[in-house]
Every structure is written in structure tokens, then in C-alpha cells.
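Undergrad: just to be clear, the model below is a prediction. Sequence and coordinates:
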Amino acid sequence: MDSYPCRLRFLLLLCAAVFIVLIAGAGFAVENYPSARGTAVNDFANVIDQANAAKMESLAHEILQKTGAAIVVATLPELGQTEEITLYANGLYKAWGIGKKGEDKGVLILLAVKERKIRIETGYGVEGILPDGLVGEILDQYVVPHLKTGEAGKALYNAMLACGSYIAKDAGVQLTGVAGP
């Protein structure tokens, strides 16, 4: 009988310790993400030329105005300790709060230069418009060929344009003033 209260205390202390570690870990993880530099283009790796950056800012603004969907591009020199781009992209998407709260209509296009990895992370509000298979086709057809030739700006613009075009089509609106990928 005497061991029951000791076990209960031990379990409570263990639960409290696990809770503290989880809370501390969550706070630490958020601090690892850089703060957004711009509204649509966050070129931390300095690989996007000025002309494509300007085109992306304009395109992202038009897509947001006409569809309510936010498309954000981020480049990183490297992922750092997190080698898994999918986890990093998901965390960054959440940390930056991409897309309107409650609608989650957002897209993050993330390029990790050192690892040579790219990811298009979609919010729940556009998952049906941009399923994984279509995102893979967009990357294969419009993005990767330009990354292979060192044209990161063109590759990322193409990714934004292709994603934005599908979102606009679903919303029944036309994007103006943009050239095709």
C-alpha cells in the first residue's frame, strides 16, 4: 500500500518533466526559423535575381487579391541540423502563418541550396487544388530543369506561376500581366 503513493508521485513527476521538455522543445523549434523578410519572396540564400523577385512579388499580390490564397517563396543556404525538408517546410509554413487563419489557403515554395532540395508545402485550403501528384509534375516540368541550369529565380517564379494558375482556375479568375512558365 505504501508503494502506490510513491508510484503515483513518480508518474506525476515524469509527466511534468515530459511536458516541460515538450514545451521547451516547441519554443526552441520556433526560434530556429528565420523571420520573414518580405511578403512573398524571402531569399535568405541570395539566389533570386531582382527581375524574378519583382515578378514574384507582383504575382503573389495578384493571386492573393483574386483568390485569397497566399503564395510565399523562401530560399535557405542550408537546412542546418534538420536535414528533412518536408519537416522544415511544414514547420516554417506554420511559424510564418501562411494563408488566412481558418482558411489555410497558402503555399510555401522552399528551396534549400546546399542540400539541393525543393518542397512545395500546401495548406489544407489548397490541398485539393494542388495534390502531391500535381505538385510533383509542376516541380519536374517547370522547376527542376531551371534549377539544374542555375536559374533559381526563373525556377521559383515558374513554381509560383504554376501553383497560382491552378488556384486561379479553381477560383474561376484569370491572372493578368504574367508570362507562362
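TA: Structure received.
Undergrad: doesn't residue 136 lie inside a helix?
TA: Yes - the assignment for residue 136 is a helix, going by DSSP: H, G, I helix; E, B strand; the rest coil.
Undergrad: what ranges does the protein have for its helices?
TA: For the chain, the helices defined by DSSP state H cover 3-31, 50-67, 85-96, 132-138, 144-148, 152-171.
Undergrad: which of these has the lowest average pLDDT?
TA: Here these differ in mean pLDDT, and the lowest is helix 3-31 at a mean of 51.
Undergrad: and for residue 172, the neighbour number?
TA: Burial of residue 172 is recorded as 8 neighbouring residues (other C-beta atoms under 10 Å). Every residue, glycine included, has its C-beta placed from N, CA and C.
Undergrad: and what of the one 3 residues further on?
TA: Taking other C-beta under 10 Å as the criterion, the count of residues near residue 175 is 16.
Undergrad: give the closest residue to it in space, chain neighbours not counted.
TA: Counting by C-beta to C-beta, 6 or more residues apart in numbering, the nearest residue to residue 175 once its immediate chain neighbours are dropped is residue 168, at 5.0 Å.
Undergrad: again with residue 75
TA: Nearest to residue 75 is residue 45, by C-beta to C-beta, 6+ apart, at 4.0 Å.
Undergrad: check contacts around the one you found.
TA: 75, 76, 77, 111, 113 (C-beta atoms under 8 Å, 6 or more residues apart in numbering).
Undergrad: can I have the buried ones of those as a ChimeraX selection?
TA: Those of the contacts of residue 45 that count as buried under 16 or more other C-beta atoms under 10 Å are selected in ChimeraX with:
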select :75,76,111,113
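Undergrad: ok, so what distance separates residue 115 from residue 86?
TA: As for residue 115, its distance to residue 86 is 12 Å (criterion: C-beta to C-beta, to the nearest Å).
Undergrad: neighbour count winner among the two?
TA: Set side by side, residue 115 and residue 86 show more neighbours around residue 115, with 16 against 12, by other C-beta under 10 Å.
Undergrad: that one reaches residue 75, doesn't it?
TA: No - Residue 115 sits out of contact with residue 75 when judged by C-beta atoms under 8 Å, with a separation of 11.8 Å.
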